[in-house]
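*Asks:* need a structure here:
(one chain, ligands or ions: 1)
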Amino acid sequence: MSDSRSAALFAAARRLMPGGVSSPVRAMGAIGREPFVVARGEGAELVDVDGRRYIDWVVSWGALIAGHAHPDVVAAVTARTAAGTSYGAPCEGEFELARLVVELVPSAEMVRFTCSGTEAAMSAVRLARAVTGKSRILKFAGAYHGHADPFLAEAGSGLATQGIPASPGVPEAVVKETTVVPWNDRQAVEQALDGGEFAAIVCEPYPANMGLVPPQSGFLGFLREQADRAGALLVFDEVITGFRVAVGGAQEREQVVPDLTVLGKVLGGGLPLAAFAGRRELMEQVAPSGPVYQAGTLSGNPLATAAGRVAVELARDRALRARLERTTSELAGGLRELARELGVPLYVAEVPGLLCPFFASQPVRNFEDARASDAKAYAAFARAMIERGVFVPPSRFEAWFPSFAHESSHVERTLIAARDALAQAAA
Ligand code: PLP
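*Replies:* Numbers count the residues shown, from 1 in each chain. Just a heads-up that it's a prediction; the model follows:
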């Protein structure tokens, strides 16, 4: 690595950009190595600037459900590009994608497009605060909703805690309005809601930013009831799960309909696009139909909506969905089997389209459990996988993302690498 082109480029980048990256996890600090620098993506693989190939289980952190450079996505974007890249005026592409979202996502009657999940989540909270006339929000420890101030709240100890800033620069006054409770903890939710006036309960329905920690049976339905009891909105952040765990997201799989939904990643087919959506009477409060201000120069961008439309259409293809489920369970099952054989304590969480191996001997139910997993073992494992040409998330708190481009051969090659990597992690 040290005399590679990647290393030279990255060393220069570190003098130009903080940490050499545009988003922190890409620096791979948590697993104690430097990143490779990407030259191109092809289907389920990445190629770095030194010509090394990697099977890619990150696929742009889940944005590329069809894999890299899917020919239909490339064709749609190429065709749109010749017609101009941004208009600052309405275009048909955004209407078509909005129609698809409304058709597929159970809670969506109207949609507002943004450029990032951060903006969409931030705007959903503004809307919830406006329509309820309350300011407090309830979120779950270990859940990520982008980097807007109200969400950068850390939990202290105890069942329900008033948030403390998770980053310098986040005013205490802002995160004082955020209450943080442990995921899957009914008592903590009830206790928190009894202690104040809440605008919204915000959750990732299948949290995938503390590793993957699905809800215990009935927990999402419980949140629906609790939000109604408290006069708060229920906001599902489906930036990761939307169009992935089912075409209509976790809300379709779990049959729990939130008031507002945040979408991103798959929605933009690998281009910058996200959205928030919900019931008509709520969404009509958004400017210019209503008074809640929200805007964006590049929002609903024609290239992004063209890419997104192709990706979402692919995501509703039954054969592709069946393959995604198969890939997920073959990989998760294969990792479990290897770990058993090698005597490595490994708990592999799995829902269709997402998986996450925790170096833990017990099931992981919340962020505290996730944090108790073996960080050193995951780091050694991930380093060994990347050295063997398999790009797995460089953090134990990130989910793995199968795509439609992954085939059984990718799973087989991944498991061959994992045999060595697990042995190395256990050593
Ligand atoms: N919400 C969830 C669940 C996410 O996983 C992310 C990003 O990973 C975001 C929101 C923020 O989206 P973005 O990175 O597009 O701002």
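
*Asks:* Which strand or helix spans the closest residue to the ligand within the stretch 151-300 of the chain?
*Replies:* Across the stretch 151-300 of the chain, no residue is closer to the ligand than residue 239, which sits at 3.5 Å (C-beta to the nearest ligand atom). From N, CA and C alone the C-beta is placed, and that goes for glycine too. Following DSSP states H and E, there is no helix or strand that holds residue 239.

*Asks:* Check what pLDDT it gets.
*Replies:* Residue 239 is assigned a pLDDT of 98 by the prediction.

*Asks:* Looks like it contacts residue 120 (just checking).
*Replies:* Yes: judged on C-beta atoms under 8 Å, residue 239 makes contact with residue 120 at a distance of 7.5 Å.

*Asks:* which residues do the two both contact?
*Replies:* Common contact partners of residue 239 and residue 120 (C-beta atoms under 8 Å, 6 or more residues apart in numbering): 146, 262, 263, 264, 274.

*Asks:* was I right about the second one contacting residue 118?
*Replies:* Spelled out, that is residue 262. No: counting by C-beta under 8 Å, residue 262 does not reach residue 118; the two are 9.7 Å apart.

*Asks:* The two: which has the busier surroundings?
*Replies:* residue 262 (30 against 19; other C-beta atoms under 10 Å).

*Asks:* What about the residue lying closest to residue 57 once chain neighbours are set aside, how many residues nearby?
*Replies:* Excluding the flanking residues, the one nearest residue 57 by C-beta to C-beta, 6 or more residues apart in numbering is residue 400, at 4.5 Å. Using other C-beta under 10 Å, residue 400 is surrounded by 27 other residues.

*Asks:* and residue 45, how many neighbours?
*Replies:* 18.

*Asks:* do the one 5 residues further on as well
*Replies:* Residue 50: 15 surrounding residues under other C-beta under 10 Å.

*Asks:* so what's it up against?
*Replies:* 4, 5, 6, 36.

*Asks:* tell me which element it is part of?
*Replies:* Counting by DSSP H and E, residue 50 is found in no helix or strand.

*Asks:* The one 5 residues further on too?
*Replies:* Using DSSP H and E, residue 55 sits within strand 53-56.

*Asks:* tell me what the helix or strand following that strand is packed against?
*Replies:* Once the chain leaves strand 53-56, the next helix or strand it forms, by DSSP H and E, is helix 71-81. Secondary-structure packing of helix 71-81 (3 or more C-beta pairs under 8 Å, 6 or more residues apart in numbering; DSSP states H and E): helix 302-315.

*Asks:* Convert the C-alpha atoms of the helix it packs on to CSV, please.
*Replies:* Extracted in CSV, the C-alpha atoms of helix 302-315 (Å, rounded to 0.1, in the frame of the first residue of the first chain):
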residue,chain,number,x,y,z
PRO,A,302,-33.3,16.2,-13.6
LEU,A,303,-30.2,13.9,-13.7
ALA,A,304,-30.9,12.6,-10.1
THR,A,305,-34.6,12.0,-10.7
ALA,A,306,-33.8,10.2,-14.0
ALA,A,307,-31.3,7.9,-12.2
GLY,A,308,-33.7,7.4,-9.3
ARG,A,309,-36.6,6.5,-11.5
VAL,A,310,-34.6,3.7,-13.1
ALA,A,311,-33.3,2.4,-9.7
VAL,A,312,-36.8,2.5,-8.2
GLU,A,313,-38.3,0.7,-11.2
LEU,A,314,-35.6,-2.0,-10.9
ALA,A,315,-36.3,-2.2,-7.2
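
*Asks:* What is the neighbour count of residue 309?
*Replies:* Neighbours around residue 309, by other C-beta under 10 Å: 21.

*Asks:* That one reaches residue 96, doesn't it?
*Replies:* Yes: counting by C-beta under 8 Å, residue 96 is a contact partner of residue 309 at 5.8 Å.

*Asks:* Alongside the ligand, which residues does the stretch 1-150 of the chain contribute?
*Replies:* Residues of the stretch 1-150 of the chain that fall close to the ligand, judged by C-beta under 6 Å from any ligand atom: 61, 116, 117, 118, 121, 144, 145, 146.

*Asks:* Tell me which two of those sit farthest apart.
*Replies:* Across these, the longest distance by C-beta to C-beta is 15.2 Å; it joins 61 and 121.

*Asks:* Of those two, give the one with the bigger neighbour count.
*Replies:* Shown here are residue 61 and residue 121; by other C-beta under 10 Å, residue 121 has more neighbours (27 against 19).

*Asks:* Show the contacting residues for the nearest residue to that one once chain neighbours are set aside.
*Replies:* Once flanking residues are discounted, residue 121 sits nearest to residue 145: 4.2 Å by C-beta to C-beta, 6+ apart. By C-beta under 8 Å, 6+ apart, the contact set of residue 145 is 117, 118, 121, 139, 151, 202, 204, 237, 239, 262.

*Asks:* Just the buried residues out of the residues you listed, in PyMOL syntax.
*Replies:* Only the buried entries of the contacts of residue 145 go into this PyMOL selection, using 16 or more other C-beta atoms under 10 Å:
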select buried, resi 117+118+121+139+151+202+204+237+239+262
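
*Asks:* Return the member of the contacts of residue 145 nearest to residue 337.
*Replies:* The closest of the contacts of residue 145, once distances to residue 337 are taken by C-beta to C-beta, is residue 204, at 28.3 Å.

*Asks:* What distance do you get for the residue positioned nearest the centre of the chain to residue 338?
*Replies:* Nearest to the mean C-alpha position of the chain, by C-alpha atoms, centre = their mean, lies residue 240 at 3.3 Å. Separation of residue 240 from residue 338 (C-beta to C-beta, to the nearest Å): 26 Å.

*Asks:* now swap in residue 163 and tell me
*Replies:* 39 Å.

*Asks:* same question, residue 410
*Replies:* 16 Å.

*Asks:* Name the residue in the two with the higher neighbour count.
*Replies:* residue 410 (22 against 18).

*Asks:* is residue 42 in a bridge, and if so with what?
*Replies:* residue 45 (DSSP bridges).

*Asks:* Look at it and say how many residues are nearby.
*Replies:* 13.

*Asks:* Can you get me a residue count around residue 225?
*Replies:* Neighbour number of residue 225 under other C-beta under 10 Å is 12.

*Asks:* about what we covered before: now the residue nearest to the centre of the chain: closest residue in space that isn't a chain neighbour?
*Replies:* Nearest one to residue 240, counting by C-beta to C-beta, 6+ apart, is residue 208 at 4.6 Å.
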